[in-house]
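Student: here is a sequence together with a model predicted from it:
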Amino acid sequence: MTRKKITKRNSTPTIKRGPDSFLLIFAVVMIAFGAVMIFDASVYQADRVFGDQFYFLRQHLIWLFLGGLLGFLAYIIPYQVILKVSPILFLITTVLLVAVLVFGEAVNGSKRWFSIGSLPIQPAEFMKPILIVFLAGLLAKPDEEAKKKRMSEFETFKRKIIRFGAPLALTLFLIVIEPDLDTTILLAGTAIAMFFASDNTPFHYKGTLTLAGIATALGGVVAVLASYRMERIKTFLKLFFEGIVEDPNGRGYQIQQILIGIGSGGFLGKGFGQSRQRFGYLVENTAFTDSIFAVILEELGYIGGAILVTLWGMFIWRITKLSQMLNDKAASLIMIGIGVWFTLQTFINMAANVGLIPLTGIALPFFTYGGSNTIVTMVGLGLLLNISRYAHTNEKVK
């Protein structure tokens, strides 16, 4: 049987009537469920600090509104226009990453935020969708000189790495010295996944896997340079290999409380609104920020967690299918990049909360309370829904 060659159409992409129905339903469910869980997990802290059980929910709804406005712009503006202005957006955000190191507010030894009134702005968060779109434009642009000179696969790969790697390396460097290793790892993983999907030659695949290995090794070296990260790693290794939480009243306190909550929830959970750990046992505001997944498992049990994981599995499956139904390489890479960003960030948060990796401060998309995280999640969602309008069942990207 002969294999039919699929070619890329050169015509201008045609738009469908509306966004992909699965992505739209997924977004509505996640936004609504996330708001409900943020309220549920924040009731105690809101009442204790502000005397108002709805304080954090109101703040979250404000951020959802602001994010919804920007997400709507990301949806209605043709993605081709967003691609064209992405170098300018990348430059502006890079300047903000430099500025935050000089003028940003120092919190626990890190400079990651500006404040506009009561709204904290984290430039590294806004870099996520901007970097994805910018890199997609770079990766989709044909290298005419390489074609003209008939360069080898190695030379072509090397040129592509330089063009792609220079802005990525600059971004990762500025974020890791804040320091924010979690976001650095997330962006590196997303970028490498996009690079892997950008070509289909055997040398490209081998070269990308080598690049991924080098990046992983560098990430490991950076992780052990800071003493507090090393303590987290030691606590994790003790738990993972021996099943013991070391120093449960000190550095192991948070993971100890997380595991108590998850274990007490069991298979079916304690029931909605019945979490005990949200009443100050999870440190500071983590019950509705970094550790909200632990509260979900405590209240809704393993079955609730399994349903949530299944929904995310369906999400990445749908993203993969839609990316293959686009006749524009840049659009396909943007969709892959945002899909990997959302899913990888979700996996890291969930894995940390069940003891599969060391604890991190990375947010759970749609569920973690926080201004910058909520706004950029809505922007990423708007881009996904925008590009999904161009997907057609009879077209594939080459």
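Tutor: On my side now, so go ahead.
Student: from here on, just use CA atoms for contacts and neighbour counts.
Tutor: OK.
Student: hang on, residue 46 packs against residue 59?
Tutor: No. Using Cα atoms under 8 Å, residue 46 makes no contact with residue 59, being 11.0 Å away.
Student: more neighbours: those two, which one.
Tutor: Taking other Cα atoms under 10 Å, residue 46 and residue 59 do not tie; residue 46 has more neighbours (18 against 15).
Student: residue 287 versus that one, what's the distance?
Tutor: 12 Å (Cα to Cα, to the nearest Å).
Student: just how off-centre is stretch 67-81 within its chain?
Tutor: Chain-centre distance of stretch 67-81: 18 Å, with Cα atoms, centre = their mean, to the nearest Å.
Student: just the CA atoms of it, as PDB, please.
Tutor: In PDB, the C-alpha atoms belonging to stretch 67-81 read as follows (Å, rounded to 0.1, in the frame of the first residue of the first chain):
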ATOM      1  CA  GLY A  67      -8.100  38.000  32.700                       C
ATOM      2  CA  GLY A  68     -11.300  37.400  30.800                       C
ATOM      3  CA  LEU A  69     -11.000  40.800  29.100                       C
ATOM      4  CA  LEU A  70      -7.400  40.100  28.000                       C
ATOM      5  CA  GLY A  71      -8.400  36.500  27.100                       C
ATOM      6  CA  PHE A  72     -11.200  37.900  24.900                       C
ATOM      7  CA  LEU A  73      -8.700  40.100  23.100                       C
ATOM      8  CA  ALA A  74      -6.500  37.100  22.600                       C
ATOM      9  CA  TYR A  75      -9.500  35.300  21.200                       C
ATOM     10  CA  ILE A  76     -10.900  38.000  18.800                       C
ATOM     11  CA  ILE A  77      -7.500  39.300  17.400                       C
ATOM     12  CA  PRO A  78      -6.400  37.100  14.500                       C
ATOM     13  CA  TYR A  79      -3.500  35.000  15.800                       C
ATOM     14  CA  GLN A  80      -1.500  36.100  12.700                       C
ATOM     15  CA  VAL A  81      -1.500  39.700  14.100                       C
END
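Student: list the buried residues of that stretch.
Tutor: For stretch 67-81, burial by neighbour count (16 or more other Cα atoms under 10 Å) applies to 67-72, 74-75, 79.
Student: where exactly do the strands run in the stretch 101-250 of the chain?
Tutor: 105-107, 110-116, 119-121 (DSSP state E, counting those that start in this stretch).
Student: residue 197: neighbour count?
Tutor: Neighbours of residue 197 under the rule other Cα under 10 Å: 18.
Student: go on, residue 278?
Tutor: By other Cα under 10 Å, 27 other residues sit near residue 278.
Student: helix, strand or coil for it?
Tutor: Following DSSP: H, G, I helix; E, B strand; the rest coil, residue 278 is assigned to coil.
Student: that one touches residue 41, doesn't it?
Tutor: Yes. The pair residue 278 / residue 41 is scored as a contact, 5.8 Å apart, by Cα under 8 Å.
Student: between these two, what contacts are shared?
Tutor: Taking Cα atoms under 8 Å, 6 or more residues apart in numbering as the contact rule, residue 278 and residue 41 both touch 287, 295.
Student: please tell me how far residue 208 sits from residue 157.
Tutor: 9 Å.
Student: kindly apply the preceding question to residue 379 instead.
Tutor: In this view, residue 379 and residue 157 are 32 Å apart by Cα to Cα.
Student: more neighbours: the two, which one.
Tutor: Each of residue 379 and residue 157 has its neighbours counted (other Cα under 10 Å); residue 379 has more, 26 against 19.
Student: nearest spatial neighbour of that one, skipping sequence neighbours?
Tutor: Nearest non-adjacent residue to residue 379, counting by Cα to Cα, 6 or more residues apart in numbering: residue 71, 4.0 Å away.
Student: packing partners for the helix or strand in which that neighbour is found?
Tutor: Residue 71 is part of helix 55-76, with elements assigned from DSSP states H and E. On a contact count with 3 or more Cα pairs under 8 Å, 6 or more residues apart in numbering; DSSP states H and E, helix 55-76 meets helix 21-50, helix 371-388.
Student: for residue 202, find the nearest of these.
Tutor: With Cα to Cα as the measure, helix 371-388 is the member of the helices and strands packed on helix 55-76 nearest residue 202 (28.5 Å).
Student: could you check the angle the closest one makes with strand 110-116?
Tutor: Between the axes of helix 371-388 and strand 110-116, defined by axes from the mean of the first three to the mean of the last three Cα atoms, to 10 degrees, the angle is 80 degrees.
Student: from now on call the first residue 16
Tutor: From this message on, residue numbering opens at 16, which makes the last subject helix 386-403.
Student: starting at the chain centroid, how far to helix 386-403?
Tutor: 11 Å.
Student: over to stretch 221-238?
Tutor: With Cα atoms, centre = their mean as the basis, stretch 221-238 stands 19 Å off its chain's centre.
Student: send me it as PDB with only the CA atoms.
Tutor: In PDB, the C-alpha atoms belonging to stretch 221-238 read as follows (Å, rounded to 0.1, in the frame of the first residue of the first chain):
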ATOM      1  CA  LYS A 221      17.900  12.800  18.400                       C
ATOM      2  CA  GLY A 222      19.300  16.300  18.700                       C
ATOM      3  CA  THR A 223      16.200  17.500  20.700                       C
ATOM      4  CA  LEU A 224      16.400  14.600  23.100                       C
ATOM      5  CA  THR A 225      20.100  15.400  23.600                       C
ATOM      6  CA  LEU A 226      19.200  19.000  24.300                       C
ATOM      7  CA  ALA A 227      16.500  17.900  26.800                       C
ATOM      8  CA  GLY A 228      19.100  15.700  28.600                       C
ATOM      9  CA  ILE A 229      21.500  18.600  28.900                       C
ATOM     10  CA  ALA A 230      18.800  20.900  30.100                       C
ATOM     11  CA  THR A 231      17.700  18.400  32.700                       C
ATOM     12  CA  ALA A 232      21.300  18.000  34.000                       C
ATOM     13  CA  LEU A 233      21.700  21.800  34.200                       C
ATOM     14  CA  GLY A 234      18.400  22.100  36.100                       C
ATOM     15  CA  GLY A 235      19.600  19.500  38.600                       C
ATOM     16  CA  VAL A 236      22.800  21.400  39.200                       C
ATOM     17  CA  VAL A 237      20.900  24.700  39.700                       C
ATOM     18  CA  ALA A 238      18.500  23.000  42.100                       C
END
